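Chemist: here is a sequence with its predicted model. Questions after.
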Amino acid sequence: MTQNMETFDAIIIGSGQAGSPLAVSLAKQGLRTAIIERSHLGGTCINTGCTPTKAMIGSAQAAYTAKNSQDLGVTTAHVQVDFQKIIARKDKIVENFRAGSANSLEDKENIALVRGQARFIDKKMVEVALNEGGKRVLKADKIFIDTGSKTHVPDIEGIETSGYLDNRTIMELHELPEHLMIIGGGYIGLEFGQMFHRFGSKVSIFQHGEHIADHEDDDVADELANILQDEGIDIHLNSSIESVSKSGAFVTLSGSFSGKKQQYTGTHLLVATGRMPNTGELQLDKTGVKTGEKGYITVNNKLETNIEGIYALGDVKGGPQFTHVSYNDYLIVAANLPENKTPATTDQRILTYTMFTEPQLGRAGLTEKQAKEKGIRYKVAKLPMKKVARGIETGHTEGFMKALVDESNDKIIGTAMLCMEGGEIASAVLIAMMGGLTYQQLRDGMFAHPTLTESLNNLFATL
């Protein structure tokens with residue numbers, strides 16, 4: 001085996017939003033780099049995450065707008081959703097993004113693209129079972145793990161034989177579900193739930209806890225739940241599902257729902273109960289790399305594992321699982337290579353993300369829950385969208401803008417924008433946070449009228 005071993009300067013396992021740009025960066029530095037990918041290039045984002053879901057959400061928003069335009073004085077004829085055309089459009093967009101990812105890696109100087117399943121056979125030695133057959137053994141002093149995550153399937157009786165869908169397979173359907181049941185009221189479940197309801201499916205969401213989106217503050221979660229329910233989506237809180245059964249074309253959930261023993265039956269079941277790391281086939285035990293309770297790889301603030309020269313980037317290391325976090329992981333690792341080139345850590349970054357329901361939930365910095373846990377004395381600015389001129393003019397008055405301000409220095413420490421283009425507004429506030437601006441500077445800033453950003457004047461005037 002070692003006689004056929006190939007030596008590289010670096011090995012990257014996984015071609016996600018951290019692995020691919022890292023390979024390009026290392027190659028440009030003259031480092032001979034192998035990047036291993038068992039499936040499609042581009043990772044979750046391009047193939048089963050951001051790109052396809054947001055393409056389909058775009059179609060769902062168009063359908064919803066067309067069906068509900070009468071309030072704006074526009075009457076449309078019968079609106080028809082062509083689900084197969086929506087899927088075909090999504091697939092075409094994904095293929096274009098895949099091609100772009102392939103173009104950045106294939107036939108490039110100092111990059112060897114290896115297609116297959118990787119597993120460690122020693123600390124710095126990786127064996128790849130090639131997709132076309134056969135094996136290759138690769139060795140490098142530096143190894144970067146970017147293998148991402150996959151759906152966590154809860155231990156519920158009968159679920160494995162229920163024909164359940166996950167975030168990947170639900171986008172491979174070619175017929176619209178008549179009644180889609182979703183286990184899990186987090187970001188994935190809520191985005192798919194609203195999307196398919198707007199396509200025409202009946203949608204029921206089953207959440208174990210007292211709130212959907214339970215990582216968010218209660219006022220945010222409850223407002224979003226009200227919006228989705230008003231749209232016609234069934235939300236069942238305090239759901240404890242004991243068994244799943246399938247009979248013909250129907251799936252039945254049995255258990256306790258708000259303290260009552262009940263059953264619910266639908267045509268399709270989506271499991272959206274969280275994620276787990278793609279580490280099972282890596283044989284990390286051969287390396288001594290430490291993992292946490294749920295199997296995520298443990299890293300320090302430079303993304304280094306406990307084994308010198310082995311790093312973990314993206315979802316596989318746990319924590320917030322977003323594409324932009326993965327890309328920022330790449331930036332941090334690249335800044336520190338060669339060693340001490342430009343020291344950078346994860347400590348300086350402010351978490352931001354957007355849930356692409358409508359209205360969007362744009363987040364940056366701390367929630368109230370987190371601020372309380374940190375013992376920060378803060379004050380809350382809050383503005384309902386019913387008082388935002390741009391929202392009134394365009395018919396988007398659902399939700400609110402919210403921000404947290406540190407009482408000690410008047411700087412903004414967090415925001416939750418549950419509103420029209422909430423992700424864009426949260427990003428504007430993030431820039432202010434990065435620049436250390438006080439809330440008074442946004443309150444008194446001159447923004448164009450009438451824009452959503454202008455409402456930051458009124459939001460911070462509530463303080």
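Modeler: Perfect, I can see it now.
Chemist: going by C-alpha atoms from here, please, whenever you check contacts or count neighbours.
Modeler: Noted.
Chemist: what distance do you get for residue 109 to residue 126?
Modeler: 22 Å (CA to CA, to the nearest Å).
Chemist: mind listing the strands for the stretch 1-150 of the chain?
Modeler: 6-13, 33-37, 111-122, 125-130, 135-145, 149-151 (DSSP state E, counting those that start in this stretch).
Chemist: how about CSV for the ones you listed, with distance to residue 244, mean neighbour count and mean pLDDT added?
Modeler: Shown next, in CSV, are the strands of the stretch 1-150 of the chain (distance: least, CA to CA, whole Å; neighbours: other CA atoms under 10 Å; pLDDT from 0 to 100):
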stretch, distance to residue 244, mean neighbour count, mean pLDDT
strand 6-13, 36, 21, 98
strand 33-37, 34, 25, 98
strand 111-122, 32, 20, 98
strand 125-130, 36, 20, 98
strand 135-145, 35, 20, 98
strand 149-151, 17, 19, 96
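Chemist: how about these, which one is nearest residue 462?
Modeler: Proximity of the strands of the stretch 1-150 of the chain to residue 462 was assessed by CA to CA; the nearest stretch is strand 149-151, lying at 41.5 Å.
Chemist: check the offset of that closest one from the chain's centre.
Modeler: Averaging C-alpha positions (CA atoms, centre = their mean, to the nearest Å) puts strand 149-151 11 Å from its chain's average.
Chemist: buried sites along stretch 438-450?
Modeler: By 16 or more other CA atoms under 10 Å, the buried positions in stretch 438-450 come out as 438, 439, 442, 443.
Chemist: filter the residues you listed down to the ones in strands?
Modeler: Nothing among these maps onto strands, per DSSP state E.
Chemist: can you redo those residues as a markdown table with pLDDT and distance to residue 180?
Modeler: Output for these, formatted as a markdown table (pLDDT from 0 to 100; distance: CA to CA, whole Å):
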| residue | pLDDT | distance to residue 180 |
| --- | --- | --- |
| 438 | 98 | 46 |
| 439 | 98 | 43 |
| 442 | 98 | 43 |
| 443 | 98 | 44 |
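Chemist: could you work out the most separated pair of these?
Modeler: Taking every pair in the buried residues of stretch 438-450 and measuring CA to CA, the maximum separation is 8.9 Å, between 438 and 443.
Chemist: about what we covered before: for residue 264, find the nearest of the strands of the stretch 1-150 of the chain.
Modeler: Of all these, strand 149-151 sits nearest to residue 264, with 22.7 Å by CA to CA.
Chemist: name the helices or strands packed onto the closest one?
Modeler: strand 275-277 (3 or more CA pairs under 8 Å, 6 or more residues apart in numbering; DSSP states H and E).
Chemist: thinking again about what came up before, out of the buried residues of stretch 438-450, name the ones that lie in helices.
Modeler: If you go by DSSP state H, these have 439, 442, 443 in helices.
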